[in-house]
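**Student:** Curious how this folds, go ahead:
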Amino acid sequence: MLPQLAGTEDAMGVWINYGATIAGFTAAGRLVSIDATGRAAAFALPVCEGTLVLHVPDDAAAPVLIAAAPATPAPAQQATLDLLVNGRLGLDHADSDY
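**Tutor:** Numbers count the residues shown, from 1 in each chain. Just a heads-up that it's a prediction; the model follows:
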């Protein structure tokens, strides 16, 4: 799979699919894209800039893994990361504007 990276126009997509293969060794699952508004969809190529991509396992006891993340996630993406990856259920009031 990695030799496909050389000369491809969608190196990020190949890399994400490779990451999904590695994540599959932890638990079977699927890739899910999260856009800046927090809307989730099945992962599909090409990868749009600013998209969060998660490996969501079929087994709820297995961890959700990050396949790709924007350098600065949108607030809805950060909330998704906090809930699904970090296990945080509420706002950290030190980080809020309230």
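**Student:** Start from the N-terminal end of the protein and give the helices.
**Tutor:** If you assign secondary structure with DSSP state H, the helices in the chain sit at 11-24, 75-80.
**Student:** burial count for the closest residue to residue 77 other than its chain neighbours?
**Tutor:** Excluding its sequence neighbours, the residue lying closest to residue 77 (CB to CB, 6 or more residues apart in numbering) is residue 52, at 4.5 Å. In this view, the C-beta of every residue, glycine as well, is placed from N, C-alpha and C. By the criterion of other CB atoms under 10 Å, residue 52 has 24 neighbours.
**Student:** Residue 52 and residue 32: what is the separation?
**Tutor:** 9 Å (CB to CB, to the nearest Å).
**Student:** go on, residue 71?
**Tutor:** Counting by CB to CB, the gap from residue 71 to residue 32 is 20 Å.
**Student:** Also residue 58?
**Tutor:** In this view, residue 58 and residue 32 are 12 Å apart by CB to CB.
**Student:** if we can go back for a sec, give me every residue that touches the residue nearest to residue 77.
**Tutor:** With CB atoms under 8 Å, 6 or more residues apart in numbering as the criterion, the residues that contact residue 52 are 33-35, 66, 68-70, 73, 77, 80-81.
**Student:** Mind doing that once more with 7 Å?
**Tutor:** For residue 52, the contacting residues are 34, 69-70, 73, 77, 80, by CB atoms under 7 Å, 6 or more residues apart in numbering.
**Student:** partner residues bridging it?
**Tutor:** residue 34 (DSSP bridges).
**Student:** Count the residues that sit near residue 72.
**Tutor:** That count, for residue 72 with other CB under 10 Å as the rule, works out to 8.
**Student:** er, residue 23 I mean
**Tutor:** Neighbours of residue 23 under the rule other CB under 10 Å: 22.
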